[in-house]
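1. This is a predicted model, with the sequence first.
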Protein chains: 2
Amino acid sequence: MTDRAAGLDIALIHHPVLNKVGETIGSAVTNLDLHDIARAARTYGVQRYYVATPYRDQHELIGEIVGHWQHGRGADYNPARKEALSIIRALYGLDDIINEISDRRGQKPLLVATSARSQPNELSYHDLRSYMEKDSSPVLLLFGTAHGLAPEIMERADSFLPPIKGKSAYNHLSVRSAVSIILDRLLSLN
Amino acid sequence: MTDRAAGLDIALIHHPVLNKVGETIGSAVTNLDLHDIARAARTYGVQRYYVATPYRDQHELIGEIVGHWQHGRGADYNPARKEALSIIRALYGLDDIINEISDRRGQKPLLVATSARSQPNELSYHDLRSYMEKDSSPVLLLFGTAHGLAPEIMERADSFLPPIKGKSAYNHLSVRSAVSIILDRLLSLN
């Protein structure tokens, strides 16, 4: 059995994503998405948490936030936060992420998209977990901000995870909750 | 089989909790804890999300945030958020929560505390899930803010859930992630 987390990276996409009425937009990077998702990813042994945005000012913002906790006063105050944020990589889009992973791991990742809506060609959580146990080939999980990944990202995915189902018809989890739950389903040890 | 979610309420405790050096403090209510946890709780069919703080100004803050999305401009802008925040109840402490549940459900809840550290008398996630399937008696899950629940709350718990284990020794999930993962472990349908 391979180390399941060894092959897994995650990406939070800020463009292209959908707004409330289904138009393609770029969303703003938020401090909490960086912190909460980095902490969850680090807990489950994810190697890289990619943050994709095409906007240069957003890269500056990410650099300031991560820098504060990596090298600034935050690093002394909270070493655990430093450790979590160290896995963040800000890049300009999905192609840059795929190139970085291909360079680092020697092959292109399997692209697995997530959505709050059912998709054709879904892979169950159990099957993806089993796949990662048997095969350490790179897998990239794609998460959308705002109202979800735009069609041009969804069309590039090799496969999809099913929407998370609780008991109600309500399915408006924050992306921070969705990432946490999905990593637990794929990588939990207890 | 009963409806597992039917008996479950959750509470986020802001006092008494621990700070970084283990002193008992009261923490500040945050906007994101209200939103993210309400959305996760609503997704999994939790009846009530109690927010416990002894500070009157914090109750005013909670009232303003929830009011904006319940009755203010937020209610029209985002009905799904209105629905999630409708399950929040702000109370002054654990005794008030236990009294409210006892009145509403006709018996005191089983108090199940959560922690990032292992405790004696732990109940596995599987066992609590099975218990809730067989018995619709009230269960209250307790979550701490800051560095976790203070001893005076822990001592009152009937039982504890084990710390969430990913593959690394790193265990610094946000409380928002921890609530999401624990609700998924106890109440997921897929």
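-> Perfect, I can see it now.

2. How about the residues of chain A by chain B?
-> A:3-5, A:32, A:35-36, A:39-40, A:42-45, A:80-81, A:83-84, A:125, A:162, A:164-168, A:170-174, A:176-177, A:180-181, A:183-185, A:187-190 (C-beta under 8 Å from any C-beta of the partner chain). Every residue, glycine included, has its C-beta placed from N, CA and C.

3. which non-adjacent residue is nearest A:Leu61?
-> Distances taken as C-beta to C-beta, 6 or more residues apart in numbering or on different chains place A:Val29 nearest to A:Leu61, at 5.8 Å, with adjacent residues excluded.

4. and A:Arg89, what element?
-> strand A:88-91 (DSSP states H and E).

5. Who are the packing partners of that strand?
-> Counting contacts by 3 or more C-beta pairs under 8 Å, 6 or more residues apart in numbering or on different chains; DSSP states H and E, strand A:88-91 packs against strand A:49-52, helix A:56-70, helix A:94-105.

6. Pick the most deeply packed of these.
-> strand A:49-52 (a mean of 24; mean count of other C-beta atoms under 10 Å in any protein chain shown).

7. how far does the strand or helix carrying A:Leu128 sit from the chain's center?
-> Assigned by DSSP H and E, A:Leu128 falls within helix A:125-134. Computed by C-alpha atoms, centre = their mean, to the nearest Å, the chain-centroid distance of helix A:125-134 equals 17 Å.

8. Now A:Arg48. Its backbone dihedrals?
-> phi -130, psi 140 (degrees, to the nearest 10).

9. same for the worst-scoring helix or strand of chain A on mean pLDDT, what does it pack against?
-> Ranked by mean pLDDT, DSSP states H and E, the weakest helix or strand in chain A is helix A:73-77, scoring a mean of 85. Counting contacts by 3+ C-beta pairs under 8 Å, 6+ apart, helix A:73-77 packs against helix A:79-85.

10. Kindly recompute the last result at 10 Å.
-> helix A:56-70, helix A:79-85 (3 or more C-beta pairs under 10 Å, 6 or more residues apart in numbering or on different chains; DSSP states H and E).

11. Extract the C-alpha set from it and format it as PDB.
-> Only the C-alpha atoms of helix A:73-77 are listed here, as PDB (Å, rounded to 0.1, in the frame of the first residue of the first chain):
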ATOM      1  CA  ARG A  73       6.100  38.300  13.600                       C
ATOM      2  CA  GLY A  74       3.600  35.500  13.000                       C
ATOM      3  CA  ALA A  75       6.400  33.000  12.500                       C
ATOM      4  CA  ASP A  76       7.500  33.300  16.100                       C
ATOM      5  CA  TYR A  77       4.000  33.800  17.500                       C
END
